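> The sequence and its predicted three-dimensional model are supplied below.
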Amino acid sequence: VVDIKGGPDEGLDRLGQTLAVTGWVRTFRVQSSVTFIEVNDGSCLSNMQCVLGSDAEGYDQVESGSITNGASIWVQGVIATSQGSKQKVELKVNKIVVIGKSDPSYPIQKKRVSREFLRTKAHLRPRTNTFGAVARVRNALAYATHKFFQENGFVWVSSPIITSSDCEGAGEQFCVTTLIPSSREVSDSPVDGIPKTKDGRIDWSQDFFGKPAFLTVSGQLNAETYATALSDVYIFGPTFRAENSNTARHLAEFWMIEPELAFADLNDDMACATAYLQYVVRHVLDNCKEDMDFFNTWIEKGIIDRLSNVAEKDFVQLTYTDAVELLLRAKKKFEFPVKWGCDLQSEHERYLTEEAFSGCPVIVRDYPKEIKAFYMRQNDDGKTVAAMDMLVPRVGELIGGSQREERLEKLEDRLDELKLNKDSYWWYLDLRRYGSVPHAGFGLGFERLVQFATGIENIRDVIPFPRTPGSSEF
Ligand code: 4AD
Ligand code: MG
């Protein structure tokens, strides 16, 4: 359908051509002499309006009530001009086949349903306008991400999902049960897919890895190993955090984009983050016009202008110290008082980007070392580290990054200071022992990017199957 509707003349250039469409019935109207069926195949937001007379082959399926919302159908007909105001062309159907009937209990009926309700129907919600559009824009952002990095000479690297190191040291790791049955002698009837020994016991005494294992919170440390061999690399994969924060910006399972640049400092890192964001925003504005118009009308009025500005204008940069001063001078009353040394709360982040700098992305740099991870490079003042967070309107923190500590001694001192076990970082320290280089990188939460690009308020609505506290269905 996108080939027709998205064509140069919205299909008028294809008048008279025969076309077969497969898709799902969005709505239908049976009138005395003619039946209208709106079919959507997911290729775009638009439906194909199909018009059937009683002479169409398979019309008996209309009469028997087999055409209902949600049914899958195959229709064949001729492209003709439409009298309707919503489209230039429609399909004059000469043959219809119902492929899969839809039970009357189909929950996605025409009346508008809330996004909360649709979260309980995650298996069917991609059939709605909003979730179809989000899925296509999410896909476009992923494509643009690879395109940006590939065009700029970065190599895509996979980081492990199961790991025994905690990159962020924030204690938000999920522990993985890696125990396995000590005997593989399987009985005839495994219970729930779990093999039992012949005497019926399940003996979990053998540890697969021999030490605790976790789901990764960030692939950064692994990315650093490849950056110090291949120069610029990036990771794009799932990450997991057991943070018990039930907010509109946190997921327990989310995707992160993590470039790592060798022979680079914090300024290079911020320049890369800016160029990346501008590139992917421009990509969706240019390539997802129909879906972006939809978001502009129904989800966030003015999002297209907002994103166009982001794609063109310079971002604001300021130090953490200046940001704190600005917040202290603000007339606004914050729930959490601001003070040098405290992490910025989301109300502060949003004030900076939405009010102080009226909608422009803001990069805050040089944070106090106490509130940042062990691997960040210490600044000469002894108090701050070369960290940067990019804050954007509505979402707050979109990116967290830093220049990494490349000096072996400084890094070892910091690990000691934080009472972290140096032995378990032996391979990470080796990178500083053998040909260390200044390097920097960042992590961007992919779902927060999708929120930013679509205006969707809740992060649960921009990932197909959200994982949040107490919810892992589907
Ligand atoms: O700021 P964070 O914790 O940085 C890191 O993990 C670094 N190791 C990244 C790096 O330098 N390679 O996380 C990076 C970004 C955040 O800015 C945010 O956008 C996103 O990941 N993020 C989350 N997104 C959804 N749900 C969560 N629970 C998130 N936690 C972080
Ligand atoms: Mg962060």
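The structure has been received and is ready for your questions. Ligands and ions are numbered 1, 2, ... in the order given.

> show me what contacts Arg26?
Under the criterion of Cβ atoms under 8 Å, 6 or more residues apart in numbering, the contact list for Arg26 reads 38-40, 47, 69, 110. Every residue, glycine included, has its C-beta placed from N, CA and C.

> what about the helices in the protein?
Applying DSSP state H to the chain gives helices spanning 2-5, 60-63, 115-119, 129-151, 220-230, 266-287, 289-298, 303-312, 320-329, 346-350, 408-417, 426-433, 446-454.

> what about stretch 158-165 and ligand 1, touching?
No - with Cβ under 6 Å from any ligand atom as the criterion, ligand 1 is not reached by stretch 158-165; the gap is at least 9.9 Å.

> ok, residues contacting that stretch?
The contact list for stretch 158-165, computed with Cβ under 8 Å, 6+ apart, reads 176, 178, 209, 211-216, 219, 221-223, 235, 237-238, 240, 258, 424-425, 428.

> what's the answer for stretch 141-153, then?
Residues outside stretch 141-153 that contact it (Cβ under 8 Å, 6+ apart): 156, 231-232, 234, 236, 257, 259, 275-276, 279-280, 283-284, 446, 449-450, 453.

> Also stretch 449-457?
Stretch 449-457 is contacted from outside by 130, 133-134, 137-138, 141, 248-249, 257, 277, 280-281, 284, 295, 299-300, 303, 307, 392, 394-395, 398, 459, 462-463, using Cβ under 8 Å, 6+ apart.

> try 6 Å
Residues from elsewhere that reach stretch 449-457 (Cβ atoms under 6 Å, 6 or more residues apart in numbering): 134, 137-138, 248, 284, 295, 299-300, 303, 392, 395, 459, 462.

> Quick check: mean pLDDT of that stretch?
Stretch 449-457 comes out with an average pLDDT of 98.

> can you check stretch 362-371 too?
98.

> and that stretch, how far out from the chain's middle?
What separates the centre of stretch 362-371 from the centre of its chain is 25 Å, taken as Cα atoms, centre = their mean, to the nearest Å.

> Same question for that stretch: list its buried residues.
Of the residues in stretch 362-371, 362-369 count as buried by neighbour count, 16 or more other Cβ atoms under 10 Å.

> and stretch 226-243, how far apart are its ends?
Looking at stretch 226-243, the gap from its leading to its trailing residue is 29 Å under the measure Cα to Cα, to the nearest Å.

> now do stretch 448-462
8 Å.

> Stretch 343-359 now?
When the termini of stretch 343-359 are compared using Cα to Cα, they are 21 Å apart.

> which other residues reach it?
Residues outside stretch 343-359 that contact it (Cβ under 6 Å, 6+ apart) are 316, 326-327, 332, 334, 336, 362, 371, 391-393, 396-397.

> how about the residues of the stretch 151-300 of the chain near ligand 1?
Residues of the stretch 151-300 of the chain found near ligand 1, taking Cβ under 6 Å from any ligand atom as the criterion, are 167-168, 218, 220, 241, 243, 250-251, 254, 256, 258.

> Tell me the buried residues within those residues.
Neighbour counting with 16+ other Cβ under 10 Å marks 167-168, 218, 220, 241, 250-251, 254, 256, 258 as buried within these.

> re earlier: out of the contacts of stretch 449-457, what pair is the most spread apart?
Ala248 and Val284 (21.0 Å; Cβ to Cβ).

> more neighbours, those two?
Val284 (25 against 14; other Cβ atoms under 10 Å).

> Touching, the more buried one and Ala140? I think so.
Yes - Val284 is in contact with Ala140 according to Cβ atoms under 6 Å; the separation is 5.2 Å.

> Spell out which residues make up each domain of the protein.
2-100, 134-156+230-461 (automatic domain parsing).

> Out of the ones you listed, the one nearest Thr120 is which?
Between Thr120 and these, the tightest spacing by Cβ to Cβ is seen for domain 134-156+230-461, at 11.1 Å.

> For this protein, give me the ranges with low pLDDT.
Under the criterion pLDDT under 70, the flagged ranges of the chain are 178-206.

> what do you get if the cut-off is 80, keeping everything else the same?
For the chain, residues meeting the criterion pLDDT under 80 lie at 110-112, 170, 177-208, 210, 244-245.
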